[in-house]
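Colleague: fold the stuff below for me.
(chains A and B)
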Amino acid sequence: MGELLSIKNLKTYFYTEDGVIKAVDDVSLSIREGETLGVVGESGCGKSITAMSILKLIPNPPGKIVDGEIIFDGKDLTKATDEEIRKIRGNKISVIFQEPMTSLNPVFTIGDQIIEAIVLHQNMNKEKAREKAIDMLKLVGIPRADEVVDAYPHELSGGMRQRAMIAMAMACNPKLLIADEPTTALDVTIQAQILDLMRDLKNKTNTSIMLITHDLGVVAEMADHVVVMYAGKVVEEANVYEIFKNPMHPYTLGLLESKPILNQDKDRLNSIPGQVPNPLNMPEGCYFHPRCSKAMDICRREQPELCSVKDGHRVACHLYREVK
Amino acid sequence: MIPVLIGVSIIIFLIFQAAPGDALTGMMDPKMSYETKQKLRKQLHLDEPGIIQYKYWVQNVLKGDFGESFYFKQPVGKVMNTYIWNSFYLSLASFILSVLIAIPIGVISATRQYSFMDYFFTVFALIGISMPSFFFGLLLIKWFAVDIKLFPVSGMMTAGSTAVGFAKFKDVMYHMTLPLIVLTLGSVAGLMRYTRSSMLEVIRQDYVRTARAKGLREKVVIYKHALRNALIPVVTIFGMWLPGLFSGAMITEAIFNWPGIGPIELLAVNNRDYPLLMGINMLLAFLTLLGNLIADVTYALVDPRIRLK
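Modeller: Predicted coordinates for the structure are as follows:
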């Protein structure tokens, strides 16, 4: 499996009146063909911004990709022109957003919105595109697809809308599907259905998925490879078995400990003490040290680099420097 | 709508009942004897209680008869018909022009928020809103009609003109230019700010990002996906403009001596021409209600979410 997308030292900053927010600060990651990469982290850790940077969907101003490379299909997307990026959006790389309730345009029918993408990227006339749209709706498990194609978003439930979003995203057989918390806004049974659907589609079409989530259960179920982010940086990276069996970074450990476990009687869930640092006022040294139970002197002074500890397992923590 | 209209008619009738004088004081010869006056009063049912008078008035109004104007010595319907269309042409032209100018400007202002263009149009809108129309009108007359003699000072057609067809249209347009500019400046300013704020709200919506993520051109994203949504609240004010199209612009019409309904209203007020005033008020009330109805219908047309099943 070759590398489909690789992000190298990406820095996306937001220039606000109060100062520069380093939303994504020196992030590197890669996705192989047919692989699902889980990107995990708390709200505001930069996981969505990393994904949006790939397609240059960062509102500019105030956001800007300051440095780094995003290599997709042998091309650096950070240097692509608007025209080039438009040809990739929705075609080779498509996105599913978090909020199915607001991500579809309320004044156009589901069909119109899917057909639009098909007509744009594939040489198809309207009638053919409509047939394809109906096929796609059937593929994502929407009953009465030939009626739903003419429905407006408000006539569908949240789960149905997310299915329609997936149909729209998959309509042009993308090589990479960015799913930005696709199930966060849905209730649990629908979540499971949507995840099943995404896995099915992935297996059928060999599409790579970049799955952004803060739900470790979703990651365990879906991902092949996991990247853990904290405060705009990658803190740990490993394959999914390794992350769950042998987590290394204290933050990853904290995340795993704060996960509820079935059949275990506990009054309160564990939580990581403290708060996510203010992005305008990051602590010196390792960004995690104020909340870290294992913080050492060096953590307050020096920022740890992402180092390979084991085969394919990388972690950014001073604790493991000696191991290597 | 019908009950509201009945209510409005009662209020209008009551107000004019309460106003000093009646139909006779407006029409009569001051030298008329008391007996003749009483006889006439009886003939015109003016001696009867208000509610009976209201009945007569409504009966006639339903037949399209608003009575006779004291001042013009003509049926009210005829007076209104003569002048209201002149106002309508001017207002309609101004309406169309405002929409054509204001909406694109509003969109540009919103998509390039805080840019030079945005500030420029904001200043322009402020000038448009705060400039009194009588002053701006006089300024235009001074510059374009008196100094460089590009446009006529006043009127709707060249005096004594017998032009018909296209020549007449051209003559009217020529005379319309200056009042049109005055009227349009005021309405463009408001409408543009309205479009801008509506658009600003919409371009931050998730579905606009979705449209962009699909790979659509920025123009399609803005003018198809965003504008359709941004226009929903704007369309409601279009309906409100319907009475405005017929009520005329009193000041602007007066300044440019445009033979519209605006100056006629003023004349009617000054001369206590009650039947004419009641007629105009009734018509405007009706148009306001009709405008609301049209707004509701267009609202359902542009927003599928409120369409009835």
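Colleague: contacts and neighbour counts: CA atoms only from here.
Modeller: Noted.
Colleague: measure B:Thr288 to B:Ile294 for me?
Modeller: For B:Thr288, the distance to B:Ile294 equals 10 Å [C-alpha to C-alpha, to the nearest Å].
Colleague: now the residue in the stretch 101-250 of chain A that chain B sits nearest to. Nearest residue, chain neighbours left out?
Modeller: Across the stretch 101-250 of chain A, the shortest distance to chain B (C-alpha to the nearest C-alpha) belongs to A:Ser103, at 4.2 Å. In space, A:Ser103 comes closest to B:Tyr207 once its chain neighbours are excluded; the distance is 4.2 Å by C-alpha to C-alpha, 6 or more residues apart in numbering or on different chains.
Colleague: just checking, next helix/strand downstream of the helix or strand hosting the one you found?
Modeller: Element membership for B:Tyr207, per DSSP states H and E: helix B:206-213. Downstream of helix B:206-213, the next assigned helix or strand under DSSP H and E is helix B:218-220.
Colleague: buried residues in the helix or strand just after that following helix?
Modeller: Using DSSP H and E, the helix or strand that follows helix B:218-220 in sequence is helix B:227-247. Judged by neighbour count using 16 or more other C-alpha atoms under 10 Å in any protein chain shown, the buried positions of helix B:227-247 are B:227-236, B:238-247.
Colleague: show me how chain A divides into domains.
Modeller: Recorded structural domains for chain A (assignment: automatic domain parsing) are A:3-92+A:172-261+A:268-320, A:104-171.
Colleague: and the contacts of the lengthiest helix in chain A?
Modeller: Secondary structure of chain A per DSSP state H: the longest helix is helix A:188-205. Helix A:188-205 has contacts (C-alpha atoms under 8 Å, 6 or more residues apart in numbering or on different chains) with A:34, A:140, A:159, A:162-163, A:173, A:183-184, A:207-209, A:218, A:222.
Colleague: low-confidence ranges, the stretch 201-309 of chain B, go.
Modeller: Low-confidence segments of the stretch 201-309 of chain B (pLDDT under 70): B:248, B:308-309.
Colleague: list, one by one, the residues from it near chain A.
Modeller: With C-alpha under 8 Å from any C-alpha of the partner chain as the criterion, the stretch 201-309 of chain B meets chain A at residues B:205-210, B:212-217, B:225, B:228-229, B:302-305.
Colleague: if we go to 7 Å?
Modeller: Counting by C-alpha under 7 Å from any C-alpha of the partner chain, the stretch 201-309 of chain B comes close to chain A at B:206-207, B:210, B:213-216, B:229, B:303-305.
Colleague: next, give me the two most distant ones among those.
Modeller: Using C-alpha to C-alpha, those span at most 26.0 Å, a distance reached by B:Gly215 and B:Arg305.
Colleague: neighbour count winner among these two?
Modeller: Applying other C-alpha atoms under 10 Å in any protein chain shown to B:Gly215 and B:Arg305 shows that B:Gly215 carries more neighbours, namely 27 against 15.
Colleague: verify the stated contact: B:Thr252 with B:Ser133.
Modeller: Yes. Counting by C-alpha atoms under 7 Å, B:Thr252 does reach B:Ser133; the two are 6.4 Å apart.
Colleague: when these two are compared, which one has more neighbours?
Modeller: Neighbour count, other C-alpha under 10 Å: between B:Thr252 and B:Ser133, B:Thr252 has more, with 25 against 20.
Colleague: for the more buried one, what are its contacts?
Modeller: B:Thr252 sits next to B:133-134, B:137, B:179 when contact means C-alpha atoms under 7 Å, 6 or more residues apart in numbering or on different chains.
Colleague: these: which two are farthest apart?
Modeller: The largest separation in the contacts of B:Thr252, counting by C-alpha to C-alpha, is between B:Phe134 and B:Pro179 at 10.3 Å.
Colleague: rewinding a little: which of the contacts of B:Thr252 has the most neighbours?
Modeller: The most crowded member of the contacts of B:Thr252, judged by other C-alpha under 10 Å, is B:Pro179 (27 neighbours).
Colleague: picking that back up, sitting in helices, which of the contacts of B:Thr252 do you find?
Modeller: The helices, defined by DSSP H, take in B:133-134, B:137, B:179 from the contacts of B:Thr252.
Colleague: could you dump those residues to a markdown table with distance to chain A and pLDDT?
Modeller: A markdown table is the format used below for those (distance: C-alpha to the nearest C-alpha, whole Å; pLDDT from 0 to 100):
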| residue | distance to chain A | pLDDT |
| --- | --- | --- |
| B:Ser133 | 38 | 84 |
| B:Phe134 | 42 | 86 |
| B:Gly137 | 41 | 88 |
| B:Pro179 | 38 | 89 |
